[in-house]
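S.K.: compute the structure for the input listed below.
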Amino acid sequence: MSAVVAPVDVARAKQKRKVAAVDAIPLHLYGVRRRTVNLVTVACGIFALFTLIPIWWIFVSSTKTVNNFNSTFGFWFSHPFVLWSNLKEVFSNRESGSFLQWMGNTAIYASIGGVGGTLLSAMAGYGFARFNFRGKNMLFVFIMGALLIPIVAFAVPLYLVYAKVHLDSTMPGIFIPFMISPVSVYLMRVYAGVSVPRELIDAARIDGAGEARIFLRIATPLMVPALVTVFMLNVVSAWNNYFLPFIVNNSAKLYTLTQGMQVWFWHTNIPGSTENFTVITIAGGMVSIMPLLIMFIVLQRYWRGGLLLGGLTG
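M.R.: Next up, the predicted model:
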């Protein structure tokens with residue numbers, strides 16, 4: 001049976017390749033030469049290696065003992081292979097803190113910050129793109145100007161404000177800053193201006209729809225690729241952030257992953273310390289990137305189609 005099916009599958013695959021070749025737009029119509037495409041492909045390959053090599057190093061280092069980590073080649077495995085033992089140590093409760101608790105805290109901050117930041121950015125971007133009001137351009141420039149101010153400059157004022165309103169060392173105090181993203185506002189304004197037709201909004205208004213209903217029922221479905229992209233950017237930013245939680249949080253119960261693993265690193269470097277968390281910290285770092293990889297794999301079908309789809313044509 002398999003001998004009969006296999007040729008049919010091969011024939012179907014060849015037919016699909018022929019159809020794809022016919023439907024493909026020749027490069028010369030784009031004004032691009034084959035040599036240019038090859039150079040870009042090589043550059044992308046180099047960039048991919050530059051991105052993946054640190055991930056490979058983290059995985060390989062997570063399989064080693066402390067002695068092997070300090071004495072063997074960093075980009076290949078050594079004996080004994082102790083990955084499972086290191087992972088068990090990562091999730092073990094100890095006096096310096098619990099990795100599971102840190103991951104749970106980080107998931108809460110990143111989820112609330114990602115959802116809240118996406119919602120605020122979508123409303124702001126849609127408002128800037130589809131409403132005309134006095135001072136709109138100046139306000140938008142003011143928001144974009146926040147990108148020019150380094151985050152370090154906000155540290156002391158933010159902590160003083162938090163101390164006044166008793167938000168320091170609290171969960172809301174940690175995730176509220178993650179909900180503010182000028183870059184997300186910019187992306188949503190650009191995408192809303194391209195993908196949400198004015199004619200469609202005007203027709204909905206003539207039919208008696210309110211602005212909230214237009215935004216939720218008409219604009220939001222058209223902006224799904226941008227919403228997913230902004231959500232992922234906000235989640236990654238919150239998940240990997242160390243500086244803001246370090247400034248506003250002094251409670252060990254509310255530590256993020258970055259704060260907790262920094263505590264492990266400090267314990268390793270204490271003079272006279274009998275514990276070495278170097279490999280355990282690296283293994284924890286490998287575990288911490290897994291949720292982000294899963295998120296990208298699950299959500300890629302929503303944004304891979306491109307952020308430029310949905311605009312008016314013709």
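
S.K.: contacts only, for Gly125.
M.R.: Going by C-beta atoms under 8 Å, 6 or more residues apart in numbering, Gly125 touches 184-192. Every residue, glycine included, has its C-beta placed from N, CA and C.

S.K.: does it count as helix, strand or coil?
M.R.: What DSSP: H, G, I helix; E, B strand; the rest coil gives for Gly125 is helix.

S.K.: output the contacts of Gly125 as TSV; include the columns distance to Ala129 and neighbour count.
M.R.: TSV is the format used below for those (distance: C-beta to C-beta, whole Å; neighbours: other C-beta atoms under 10 Å):
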residue	distance to Ala129	neighbour count
Ser184	14	25
Val185	10	24
Tyr186	11	19
Leu187	11	20
Met188	8	27
Arg189	5	23
Val190	8	16
Tyr191	8	26
Ala192	4	25
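
S.K.: restricted to helices, list these.
M.R.: 184-192 (DSSP state H).

S.K.: between those, which is nearest Arg217?
M.R.: Checking the ones in helices among the contacts of Gly125 against Arg217 with C-beta to C-beta, the nearest one is Ala192 at 14.8 Å.

S.K.: per-residue pLDDT of that closest one, please?
M.R.: At Ala192, the pLDDT value in this model is 90.

S.K.: repeat for Val183
M.R.: pLDDT, Val183: 91.

S.K.: ok so, going back, of the contacts of Gly125, closest to Val224?
M.R.: Tyr191 (10.1 Å).

S.K.: can you give me the neighbour number for the closest residue to Gly114 other than its chain neighbours?
M.R.: Of all residues not flanking Gly114 in the chain, Val235 sits nearest, at 3.9 Å (C-beta to C-beta, 6 or more residues apart in numbering). Val235 is flanked by 25 other residues according to other C-beta atoms under 10 Å.

S.K.: reformat the ones in helices among the contacts of Gly125 as TSV; add distance to Gly45.
M.R.: Below are the ones in helices among the contacts of Gly125 laid out as TSV (distance: C-beta to C-beta, whole Å):
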residue	distance to Gly45
Ser184	30
Val185	34
Tyr186	30
Leu187	27
Met188	32
Arg189	34
Val190	30
Tyr191	30
Ala192	35
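
S.K.: out of these, flag the one nearest to Gly114.
M.R.: For the ones in helices among the contacts of Gly125, the closest approach to Gly114 (C-beta to C-beta) belongs to Ser184, at 10.0 Å.

S.K.: the host helix or strand of Ala204 - contacts with which helices or strands?
M.R.: Element membership of Ala204, judged by DSSP states H and E, is helix 198-206. Judged by 3 or more C-beta pairs under 8 Å, 6 or more residues apart in numbering; DSSP states H and E, helix 198-206 is in contact with helix 211-214.
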